[in-house]
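Asker: Give the three-dimensional model of this entry:
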Amino acid sequence: MQTRSERPHSYDPADFEIPTGREVNWKHAPVARLAPLFEDVAADDRPGDPAVEYAVTAPEAVVVGSLRAGEAPRGDVFEPEDRVAAIAWRRTDEALHVRIPRDVELEAPVVVEMSGRGADRRANAHIVIEAETHARGTVLLRHAGSAQFDENVEVIARDGSHLEVVSVQQWEDDAVHAASHQARVDRDATLRHIVVSFGGGVVRVNPSVELAGTGSRGELYGLSYADAGQHLESQVYLFHKGAETSGDVLYKGALQGESARSVWIGDVLIGPDAVGTDSYEANRNLVLTDGARADSIPNLEIETGDIRGAGHASATGRFDDEQLFYLQARGIPEDEARRLVVLGFLAEIVQKIGIDDLEAELFDLIEAELAQEVSR
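Answerer: Below you'll find the predicted structure:
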């Protein structure tokens, strides 16, 4: 089934076949490496030793709690569209709930740190992030260590709110992580959603955002840097449901090393009632070495002709020889010229995050990746 909006949804894992790699939503994924996540099993938690350990740091105004299945707002937005998400839903007894109360404006981000305790250990998670009416704030999800991790993230941006959700994947090389992010953006609200993937053996983060309210806005950005043997994937879905909505999707990636792989699939649907929509999606990839591969598939579906504009773009290529020649002609050594080109290419996404410490950290990570490439 090619159309993203027509895919089946269910809370029961049994309603989804175990992926074989032939399905439209799995055909670019390494299903053999993801196989542990297709098993409907509980987390490998031990007394005093959870498979994934959580630490939440939040400003005083933020309400942090838990939600069982059937306890609102858990499930108000989220409905699994694949087997992994359905397993995470069923196997997570209590979802973490982060709520920014009405009219509150946070001066510091909420930080949720998740640390895996071993590549052979299974963990499941469901997180609900809610910004109430006219609230403003940022929630940062950080993943580190190693695990086999099924994760659902449910995001609700209520009327007039401005919410930023940043998900950073810095796993060890043996980690396997599949995450489904689903969000609803209500009237005159804005959601900025950013995915940053550097670490992990296989990392698959799929955001789905519904611009439900009139005047709502969605900004979906992504940054990835794939090394040898890594598979970094994002399938992005932006649904313009309400009138006068606007969307901006931009994902950028760099790849280096034998069998480094990135996959980006972008689906934008402009519904029949989404008059006055303005939407654009783009994906750009920079391949730094032989043996690396980037798959980029943008899709745009429009069900009304009364829109302001809509478009999509995709580009994958190597270094621009003219850029390198320009820099070298001004006395800059080749290695330094390559470094400047890559930093300039990726900086556009880093600078959208708005968290100074994290931006500095990501620039350092990019520098470290480049140093590895130069040393080869």
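Asker: where do the helices sit along this structure?
Answerer: 31-34, 83-91, 321-328, 334-350, 356-375 (DSSP state H).
Asker: which residues sit against the second one?
Answerer: For helix 83-91, contacts defined as C-beta atoms under 8 Å, 6 or more residues apart in numbering pick out 10-13, 15-19, 34, 37-43, 69, 78, 80, 124-126, 150-152, 178, 180. Glycine gets a C-beta too; all of them are placed from N, C-alpha and C.
Asker: Just the buried residues from those residues, in PyMOL please.
Answerer: Those of the contacts of helix 83-91 that count as buried under 16 or more other C-beta atoms under 10 Å are selected in PyMOL with:
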select buried, resi 10+13+16+19+34+37+38+43+78+80+124+125+126+150+151+152+178+180
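Asker: Filter the contacts of helix 83-91 down to the ones in strands?
Answerer: In strands, judged by DSSP state E, the following of the contacts of helix 83-91 are found: 124, 125, 126, 150, 151, 152, 178, 180.
Asker: Determine the number of other residues adjacent to the spatially closest residue to residue 171 that is not a sequence neighbour.
Answerer: For residue 171, ignoring the flanking residues on the chain, the nearest one in space by C-beta to C-beta, 6 or more residues apart in numbering is residue 200 at 3.6 Å. Neighbour count of residue 200, defined by other C-beta atoms under 10 Å: 27.
Asker: Tell me the spacing between residue 200 and residue 42.
Answerer: For residue 200, the distance to residue 42 equals 22 Å [C-beta to C-beta, to the nearest Å].
Asker: Equivalent analysis for residue 364, please.
Answerer: 37 Å.
Asker: And residue 93, by the same measure?
Answerer: Noted for residue 93: a distance of 9 Å to residue 42, by C-beta to C-beta.
Asker: surely residue 54 meets residue 95?
Answerer: No. Contact criterion C-beta atoms under 8 Å: residue 54 and residue 95 do not qualify, at 11.7 Å.
Asker: Check what pLDDT residue 233 gets.
Answerer: If you check residue 233, the pLDDT there is 98.
Asker: so where is the chain shaky, pLDDT-wise?
Answerer: 1-2, 373-376 (pLDDT under 70).
Asker: now with 50?
Answerer: The model of the chain has pLDDT under 50 over residues 375.
Asker: can you list the domains in it?
Answerer: When the chain is parsed with automatic domain parsing, its domains come out as 4-318, 320-376.
Asker: any idea how far residue 214 lies from residue 159?
Answerer: 10 Å.
Asker: Pull up the overlap in contacts between these two.
Answerer: The contact lists of residue 214 and residue 159 share 187, 188, where a contact means C-beta under 8 Å, 6+ apart.
Asker: Now do the contacts for residue 125.
Answerer: Applying C-beta under 8 Å, 6+ apart, the residues contacting residue 125 are 52, 88, 92, 95, 96, 114, 149, 150, 151, 152.
Asker: Over to residue 370?
Answerer: 338, 339, 342, 343.
Asker: Against residue 76, how distant is residue 361?
Answerer: 33 Å.
Asker: Out of the contacts of residue 125, the closest to residue 327 would be?
Answerer: residue 114 (40.0 Å; C-beta to C-beta).
Asker: Tell me how many other residues surround residue 55.
Answerer: 10.
Asker: Bridge partners for the residue nearest to it when sequence neighbours are not counted, pull those for me.
Answerer: Leaving aside its chain neighbours, residue 55 sits nearest to residue 113 (4.5 Å; criterion: C-beta to C-beta, 6+ apart). Here residue 113 sits in beta bridges with residue 55, residue 142, as judged by DSSP bridges.
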